[in-house]
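**Student:** the sequence and its predicted three-dimensional model are supplied below.
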Amino acid sequence: VTEVTEEISKRQRADAKPLYEKAYEATVPKSILEKHMNSSQFKRAYEKAQELWVARGEEGVMPAFDELGDDVPLMMMDYVKRGLDDVLNVGAKPGGGIGPEILSANRTRKNEMLAELDELVPAYGQARAIWAGAEAAQEALVRGQNAFKRGITADAVEREFQSLSPAEKAHWREGALDTL
């Protein structure tokens with residue numbers, strides 16, 4: 001399954017890369033992010049984005065939020081989105097420290113921000129859609145691997161399988177077959 005997962009990742013990167021490169025040429029108004037910076041999760045996301053910037057070896061330093069000009073490179077906004085994904089994913093886990101109401105509100109705010117970015121830079125929305133599709137496929141693969149573990153009823157397996165898209169079903173089957 002690791003080989004299948006690696007192949008999915010490889011395809012998704014290849015398909016999304018030119019769209020991300022095109023999107024990263026754009027700048028967007030700082031105000032898109034600024035209206036969300038009163039949220040402690042968005043502030044932490046910005047810090048995570050700065051850490052990720054360094055970890056990925058990007059050129060230069062990602063400036064502090066108050067040092068940004070009126071226009072922000074979309075690439076920085078994408079890093080903030082990734083940082084926010086990390087903050088919200090950790091916060092959603094038991095003991096993660098973010099309650100369900102705050103989690104839901106910040107996911108809504110993130111989606112509003114992304115909708116604005118997608119409207120301004122359509123290539124960004126297209127790249128994210130490709131990436132999300134491949135991520136969903138990988139998730140389906142893992143769910144297929146776990147489908148026949150003890151404690152899961154046949155009805156639950158069937159309901160889960162029927163809720164998947166045709167592409168996800170194919171990956172689910174690969175994962176399930178791998179465990180047999």
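**Tutor:** Everything's here; your move. Residues are numbered from 1 along each chain as shown.
**Student:** from here on, just use CA atoms for contacts and neighbour counts.
**Tutor:** Fine.
**Student:** now do the helices in this structure.
**Tutor:** Using DSSP state H, the helices found in the chain span residues 2-23, 31-34, 40-55, 74-92, 100-120, 122-146, 154-162, 166-178.
**Student:** average pLDDT for the last one?
**Tutor:** Okay, so that is helix 166-178. The average pLDDT within helix 166-178 is 78.
**Student:** can you check what angle separates it from helix 122-146?
**Tutor:** Orientation check (axes from the mean of the first three to the mean of the last three C-alpha atoms, to 10 degrees): helix 166-178 against helix 122-146 gives 30 degrees.
**Student:** what is helix 166-178 packed up against?
**Tutor:** helix 122-146 (3 or more C-alpha pairs under 8 Å, 6 or more residues apart in numbering; DSSP states H and E).
**Student:** columns distance to Ala64 and mean neighbour count on top of the helices of the chain, output as a markdown table?
**Tutor:** Shown next, in a markdown table, are these (distance: least, C-alpha to C-alpha, whole Å; neighbours: other C-alpha atoms under 10 Å):
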| stretch | distance to Ala64 | mean neighbour count |
| --- | --- | --- |
| helix 2-23 | 22 | 15 |
| helix 31-34 | 12 | 16 |
| helix 40-55 | 8 | 19 |
| helix 74-92 | 11 | 20 |
| helix 100-120 | 19 | 15 |
| helix 122-146 | 23 | 19 |
| helix 154-162 | 44 | 13 |
| helix 166-178 | 40 | 19 |
